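Engineer: what's the 3D shape of this:
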Amino acid sequence: MRRIDVIYVGIGVFAAGGLLYLVLNQIGLDSINAGIWSQVLLVVGLLGWVLTYLIRAFSKNMTYNQQLKDYEDAVLQKRLDEMSPEELAQLQAEVEAEKRHQA
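Structural biologist: Numbers count the residues shown, from 1 in each chain. Presented below is the predicted three-dimensional model:
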(Lines give C-alpha, C1' and ligand atoms only; values in the text may rest on other atoms or scores of the structure.)
Protein backbone atom coordinates (compact mmCIF):
# COMPACT_ATOMS: atom_id res chain seq x y z
CA MET A 1 0.00 0.00 0.00
CA ARG A 2 1.39 3.36 -0.98
CA ARG A 3 1.55 6.37 1.32
CA ILE A 4 -1.16 8.18 -0.60
CA ASP A 5 -3.44 5.15 -0.17
CA VAL A 6 -2.92 5.30 3.60
CA ILE A 7 -3.84 8.99 3.54
CA TYR A 8 -6.99 8.20 1.53
CA VAL A 9 -7.98 5.43 3.94
CA GLY A 10 -7.43 7.76 6.90
CA ILE A 11 -9.56 10.48 5.32
CA GLY A 12 -12.21 7.87 4.45
CA VAL A 13 -12.39 6.58 8.04
CA PHE A 14 -12.56 10.15 9.34
CA ALA A 15 -15.36 10.94 6.89
CA ALA A 16 -17.19 7.71 7.78
CA GLY A 17 -17.08 8.66 11.45
CA GLY A 18 -18.51 12.08 10.67
CA LEU A 19 -21.19 10.61 8.42
CA LEU A 20 -22.08 8.02 11.05
CA TYR A 21 -22.40 10.81 13.64
CA LEU A 22 -24.72 12.77 11.33
CA VAL A 23 -26.87 9.71 10.61
CA LEU A 24 -27.18 8.85 14.29
CA ASN A 25 -27.98 12.47 15.06
CA GLN A 26 -30.68 12.51 12.35
CA ILE A 27 -32.39 9.36 13.59
CA GLY A 28 -33.01 10.93 16.98
CA LEU A 29 -29.93 10.59 19.20
CA ASP A 30 -28.69 13.73 20.89
CA SER A 31 -25.22 14.96 19.92
CA ILE A 32 -23.45 13.38 22.91
CA ASN A 33 -24.95 9.92 22.39
CA ALA A 34 -24.47 10.15 18.62
CA GLY A 35 -20.79 10.96 19.21
CA ILE A 36 -20.35 8.14 21.68
CA TRP A 37 -22.04 5.57 19.44
CA SER A 38 -20.16 6.66 16.34
CA GLN A 39 -16.89 6.26 18.25
CA VAL A 40 -17.97 2.88 19.59
CA LEU A 41 -18.79 1.64 16.09
CA LEU A 42 -15.49 2.95 14.67
CA VAL A 43 -13.50 1.28 17.47
CA VAL A 44 -15.37 -2.00 16.94
CA GLY A 45 -14.59 -1.76 13.22
CA LEU A 46 -10.93 -1.08 13.97
CA LEU A 47 -10.72 -4.04 16.36
CA GLY A 48 -12.37 -6.26 13.75
CA TRP A 49 -9.82 -5.17 11.14
CA VAL A 50 -6.93 -5.80 13.56
CA LEU A 51 -8.36 -9.24 14.33
CA THR A 52 -8.47 -10.18 10.64
CA TYR A 53 -4.87 -8.96 10.26
CA LEU A 54 -3.71 -11.05 13.22
CA ILE A 55 -5.49 -14.12 11.87
CA ARG A 56 -3.77 -13.70 8.49
CA ALA A 57 -0.40 -13.06 10.16
CA PHE A 58 -0.52 -16.12 12.43
CA SER A 59 -1.86 -18.40 9.71
CA LYS A 60 0.91 -17.10 7.38
CA ASN A 61 -1.72 -16.26 4.76
CA MET A 62 -0.18 -12.95 3.75
CA THR A 63 1.14 -11.66 0.44
CA TYR A 64 4.79 -11.73 1.54
CA ASN A 65 4.62 -15.37 2.64
CA GLN A 66 2.97 -16.38 -0.66
CA GLN A 67 5.60 -14.49 -2.68
CA LEU A 68 8.39 -16.14 -0.69
CA LYS A 69 6.90 -19.60 -1.25
CA ASP A 70 6.49 -18.94 -4.99
CA TYR A 71 10.11 -17.75 -5.19
CA GLU A 72 11.43 -20.82 -3.36
CA ASP A 73 9.40 -23.10 -5.63
CA ALA A 74 10.75 -21.32 -8.72
CA VAL A 75 14.36 -21.61 -7.50
CA LEU A 76 13.94 -25.33 -6.77
CA GLN A 77 12.30 -25.91 -10.16
CA LYS A 78 15.16 -24.06 -11.90
CA ARG A 79 17.71 -26.20 -10.06
CA LEU A 80 15.86 -29.36 -11.08
CA ASP A 81 15.70 -28.19 -14.70
CA GLU A 82 19.47 -27.58 -14.72
CA MET A 83 20.32 -31.07 -13.42
CA SER A 84 21.56 -33.75 -15.77
CA PRO A 85 19.64 -37.04 -16.03
CA GLU A 86 22.38 -38.76 -14.00
CA GLU A 87 22.08 -36.19 -11.22
CA LEU A 88 18.29 -36.54 -11.22
CA ALA A 89 18.59 -40.32 -10.97
CA GLN A 90 21.05 -39.99 -8.08
CA LEU A 91 18.74 -37.52 -6.29
CA GLN A 92 15.77 -39.82 -6.78
CA ALA A 93 17.76 -42.75 -5.37
CA GLU A 94 18.72 -40.67 -2.33
CA VAL A 95 15.08 -39.66 -1.75
CA GLU A 96 13.89 -43.27 -2.01
CA ALA A 97 16.65 -44.42 0.37
CA GLU A 98 15.61 -41.73 2.85
CA LYS A 99 11.96 -42.84 2.59
CA ARG A 100 12.94 -46.46 3.26
CA HIS A 101 15.11 -45.37 6.19
CA GLN A 102 12.22 -43.40 7.77
CA ALA A 103 9.71 -46.23 7.33
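Engineer: show me what counts as buried in the helix ranked longest in the chain.
Structural biologist: Scanning the chain for the longest helix, with DSSP state H as the assignment, gives helix 31-58. Residues of helix 31-58 classed as buried by neighbour count (16 or more other CB atoms under 10 Å): 34-35, 38, 42. Heads up, the C-betas are built off the backbone N, CA and C, glycines and all.
Engineer: which residue lies nearest the spatial centre of this protein?
Structural biologist: residue 62 (3.7 Å; CA atoms, centre = their mean).
Engineer: measure that residue to residue 34 for me?
Structural biologist: 37 Å (CB to CB, to the nearest Å).
Engineer: residues in contact with residue 25?
Structural biologist: 31, 34 (CB atoms under 8 Å, 6 or more residues apart in numbering).
Engineer: which secondary structure element is home to the residue of the chain positioned farthest from its centre?
Structural biologist: Computed with CA atoms, centre = their mean, the residue of the chain farthest from its C-alpha average is residue 86, at 42.2 Å. Secondary-structure assignment from DSSP states H and E places residue 86 in helix 85-102.
Engineer: who's in contact with that helix?
Structural biologist: With CB under 8 Å, 6+ apart, helix 85-102 has contacts from 80, 83.
Engineer: what's the span of stretch 74-94 from first residue to last?
Structural biologist: Stretch 74-94 has its terminal residues 22 Å apart, counting by CA to CA, to the nearest Å.
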